[in-house]
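**Student:** Dropping the sequence and predicted coords here.
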Amino acid sequence: MAAVWPKLPSGGRHALKFYTYHRSVGIARPAAEVFAWHERSGAFERLQPPWEKVEVISRQGGIQDGARVTLRARVGPLWSRWEVEHLDYVEGVQFRDRQLRGPFAHWEHLHRIVPDGPGACVLMDEITYALPLGAAGRVASGFVRNKLDRLFAYRHAITKTDLERAVASSSHPRLRVLVSGASGLVGSALVPYLRSLDHEVVRLVRRKPALPDEVFWNPEDAHADFTAAGAIDAVVHLAGAGIADGRWTQARREKIRASRVEGTRNLVHGLLRMKKKPGVLISSSAVGAYGDCGDRVVDEDTLPGSGFLADVCRTWEAELVPAEAAGIRTLPLRLGLVLSPAGGALRRMLPAFRAGVAGPLGSGRQWMSWISMDDLLDIIHRGLGDAEWHGVINAVAPEPCRNAEFTRILAGTLRRPAFLPVPSVVLRLLFGHMADETLLASTRVESRRLTAAGYDFRHPTLQEALGHVLSKEPVVI
């Protein structure tokens, strides 16, 4: 349901109370480079925090004067429509956004980039706003300021780190990347990330293409034809039915297996039929390949384990062999728990943790291997451009933790108690065999290959990762 916002109070602008918000961050990159980053097509989406629901409905132009963006943003149970116009554009220096329609009585946002020597700058954000509903609306002023603090702490961290880390991969050529699963949790973050780094992205979709960057494919079609995609330099394959989207009935198991094994097989066959084959194929897999490992530490040289997930991962990765044999560099990434409040396991956990009715699962002693979304995006990007990377890579942070520790740190980050453990028998009643291979399985995974490659994690500790994706100051517990 769309929110209906009131007209300005009697007296117009003169009856409004205006607020000003300032925040700045130093970035160790030239001002011209930082400004150019903001002009790229993926920059706006890249800056949207994962806890917010924001959708771009339409866009006319970039950030120059007269360009417009129409958004849908969710506030609680309501969706509001924003129409924003860009103005006061000065190349390399500044641009401004003005709300034409939306939830505020007035909103203007000045983005200004000030040089700080030849190789650095300061990004400055200044927002002038007024709340609707007159005096009644002013009650929400503290709430709005807190939201702005969270929003711009996240945005500045992303802008600063993306640009400063991009120096390390500046030698990577501009790529045209084909992405499957582009609307999923990882794909929807990866597409704007790659575009903000000046790569071109073509998305595979399972419906009639509606945009120029979309190409149709049917994962069940053994004769997939990617001719419409044109010349492709690289492929990131993320498509597959959700592992934890329901109880593992026989039908669900078959869907999970087919979506990964047959989908990958058909994708590879389509790529091999292309006149010019891509140079690299990155395909998602999972640390479930190792099965339940107890306290044993495993790495990329450890043989696959046993169980449904391990079997799926083993056969899934085997479908990449023909691509490797044809000269396409392949990287199966075995993902740990990807931390994002936008979806996946963390999103499912948050309501109970925020309500203070969460606790360890089962004994709480099972190991959890995890990774922040931004580190996963960086790893994919480096894998696309670094010819030395090939073969299985465990995409996990360097500090796995037990479930009880994960619970304690997540609860501490949210400033909530977490003292209600969920017995194993309850999890098995609720989720069946899926509980044993996902919630209760122990995976203490290390990434020997990321360490050998000298990969520098943005978020090496769970406290840092959760503090970033939830926009909370890390808590020492």
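**Tutor:** Arrived safely, thanks for sending.

**Student:** what residue lies at the spatial centre of the protein?
**Tutor:** Nearest to the mean C-alpha position of the chain, by Cα atoms, centre = their mean, lies residue 189 at 3.6 Å.

**Student:** in what helix or strand does that one lie?
**Tutor:** Element membership for residue 189 (DSSP states H and E) is helix 185-196.

**Student:** Pull the residues that contact that helix.
**Tutor:** The contact list for helix 185-196 (Cβ atoms under 8 Å, 6 or more residues apart in numbering) reads 37, 40-46, 50, 162, 175, 177, 179-182, 201, 203, 236, 238, 284, 335, 338, 340, 342-344, 373, 376-377, 380-381. Where C-beta positions appear, they are placed from N, C-alpha and C, glycine not excepted.

**Student:** go on, stretch 116-125?
**Tutor:** Applying Cβ under 8 Å, 6+ apart, the contact partners of stretch 116-125 are 21-31, 34, 109-115, 152, 155-156, 159-160.

**Student:** Out of these, list just those in strands.
**Tutor:** Using DSSP state E, 21-27, 109-115 are the members of these that sit in strands.

**Student:** can you list the residues that contact the helix or strand of the chain with the lowest mean pLDDT?
**Tutor:** When each helix and strand of the chain is scored by mean pLDDT, DSSP states H and E, helix 134-138 comes last, with a mean of 76. With contacts defined as Cβ under 8 Å, 6+ apart, helix 134-138 is touched by 9, 15, 17, 105, 131.

**Student:** Next, format the residues you listed as CSV and append neighbour count.
**Tutor:** Listed next are the contacts of helix 134-138 as CSV, based on neighbours: other Cβ atoms under 10 Å:
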residue, neighbour count
9, 18
15, 13
17, 13
105, 24
131, 23
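
**Student:** Identify the farthest-apart pair in those residues.
**Tutor:** Greatest spatial distance in the contacts of helix 134-138: 15 and 131, 11.8 Å, computed using Cβ to Cβ.

**Student:** between the ones in strands among the contacts of stretch 116-125, which is nearest residue 468?
**Tutor:** Checking the ones in strands among the contacts of stretch 116-125 against residue 468 by Cβ to Cβ gives residue 25 as the nearest, at 14.4 Å.

**Student:** pLDDT score for the closest one?
**Tutor:** pLDDT for residue 25: 98.

**Student:** wait, it sits on residue 160?
**Tutor:** Yes: using Cβ atoms under 8 Å, residue 25 is in contact with residue 160, at 5.5 Å.

**Student:** Quick one: mean pLDDT over stretch 207-221.
**Tutor:** Stretch 207-221 comes out at a mean pLDDT of 93.

**Student:** where are the low-confidence patches of this structure?
**Tutor:** Along the chain, the model assigns pLDDT under 70 to residues 1-14, 76, 167-172, 473-477.

**Student:** residues making contact with the strand ranked longest in the chain?
**Tutor:** The single longest strand within the chain, with elements called by DSSP E, is strand 78-90. Outside strand 78-90, the residues that touch it by Cβ under 8 Å, 6+ apart are 1-3, 5, 57, 61-74, 94-103, 110.

**Student:** circling back: could you list which of the contacts of helix 185-196 belong to strands?
**Tutor:** The members of the contacts of helix 185-196 that map onto strands under DSSP E are 177, 179, 180, 201, 203, 236, 284, 335, 338.

**Student:** Show me the contact partners of stretch 301-311.
**Tutor:** Contacts for stretch 301-311 (Cβ under 8 Å, 6+ apart): 243, 248, 253, 286, 288-293, 313-314, 433, 437-438, 441, 448.

**Student:** buried ones in the longest helix seen in the chain?
**Tutor:** The residue-count maximum for a helix in the chain (DSSP state H) belongs to helix 141-166. Using 16 or more other Cβ atoms under 10 Å as the burial criterion, the residues of helix 141-166 that qualify are 144, 148, 150-156, 158-163, 165-166.

**Student:** Which neighbouring elements make contact with that helix?
**Tutor:** Counting contacts by 3 or more Cβ pairs under 8 Å, 6 or more residues apart in numbering; DSSP states H and E, helix 141-166 packs against strand 18-27, helix 31-38, strand 121-130, helix 373-385.

**Student:** Tell me which of these is the most buried.
**Tutor:** Highest mean neighbour count among these (mean count of other Cβ atoms under 10 Å): helix 373-385, with a mean of 23.

**Student:** could you give the angle of that one to helix 185-196?
**Tutor:** Between helix 373-385 and helix 185-196, the angle comes out at 60 degrees (axes from the mean of the first three to the mean of the last three Cα atoms, to 10 degrees).

**Student:** Going C-terminal from helix 373-385, what's the next secondary structure element?
**Tutor:** strand 393-395.

**Student:** Please name every helix or strand in contact with that following strand.
**Tutor:** Where contact means 3+ Cβ pairs under 8 Å, 6+ apart, strand 393-395 is packed against strand 329-335, helix 373-385, helix 448-452.

**Student:** Please save the CA atoms from the second one in CSV.
**Tutor:** Provided in CSV are the C-alpha atoms of helix 373-385 (Å, rounded to 0.1, in the frame of the first residue of the first chain):
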residue,chain,number,x,y,z
MET,A,373,28.5,-9.5,1.7
ASP,A,374,31.1,-6.9,0.8
ASP,A,375,33.9,-9.3,1.2
LEU,A,376,32.1,-11.8,-1.1
LEU,A,377,31.6,-9.1,-3.7
ASP,A,378,35.3,-8.2,-3.5
ILE,A,379,36.3,-11.8,-3.8
ILE,A,380,34.1,-12.3,-6.9
HIS,A,381,35.6,-9.1,-8.5
ARG,A,382,39.2,-10.2,-7.8
GLY,A,383,38.4,-13.7,-9.2
LEU,A,384,37.1,-12.1,-12.4
GLY,A,385,40.3,-10.2,-13.1
